[in-house]
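**Student:** Take this sequence and fold it.
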Amino acid sequence: MTTHFIEAEIDLQQTPLTVKEVEENLKKEGEPLRWAVTKVDKETQTAQVEAIVTSEK
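**Tutor:** Residues are numbered from 1 along each chain as shown. You can find the predicted model right below:
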């Protein structure tokens, strides 16, 4: 099992920023241990998410 630091940018115009939506996107990379929204850009309508995930990769 390995641990990875993930940074993701979410387009808020296409994807609502809900806990379920964020966790579903992170699960594509592994099992999220923790995550946080670290930045929201009103001009570009994007949110930056940082996470720690574990995977068998």
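
**Student:** Every contact and neighbour count from this point should use C-alpha atoms.
**Tutor:** OK.

**Student:** ranges for the strands of this protein?
**Tutor:** 2-11, 31-41, 46-55 (DSSP state E).

**Student:** Which one, of those, ends up nearest to residue 19?
**Tutor:** strand 31-41 (9.9 Å; C-alpha to C-alpha).

**Student:** re the thing from before, point out the most buried one among the strands of the chain.
**Tutor:** strand 46-55 (a mean of 17; mean count of other C-alpha atoms under 10 Å).

**Student:** Centroid-nearest residue for this structure?
**Tutor:** Nearest to the geometric centre of the chain sits residue 49, at 4.4 Å (C-alpha atoms, centre = their mean).

**Student:** that older thread, dump the strands of the chain to TSV, plus distance to residue 17.
**Tutor:** Listed next are the strands of the chain as TSV, based on distance: least, C-alpha to C-alpha, whole Å:
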stretch	distance to residue 17
strand 2-11	8
strand 31-41	9
strand 46-55	8
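
**Student:** for these, which one sits closest to residue 23?
**Tutor:** Between these, strand 31-41 lies closest to residue 23; by C-alpha to C-alpha that is 7.1 Å.

**Student:** just the angle between the closest one and strand 46-55, please?
**Tutor:** Angle of strand 31-41 versus strand 46-55, following axes from the mean of the first three to the mean of the last three C-alpha atoms, to 10 degrees, is 170 degrees.

**Student:** The residue nearest to the centre of the chain: what's it in contact with?
**Tutor:** Each residue near residue 49 by C-alpha atoms under 8 Å, 6 or more residues apart in numbering is listed here: 7, 8, 9, 10, 35, 36, 37, 38, 39.
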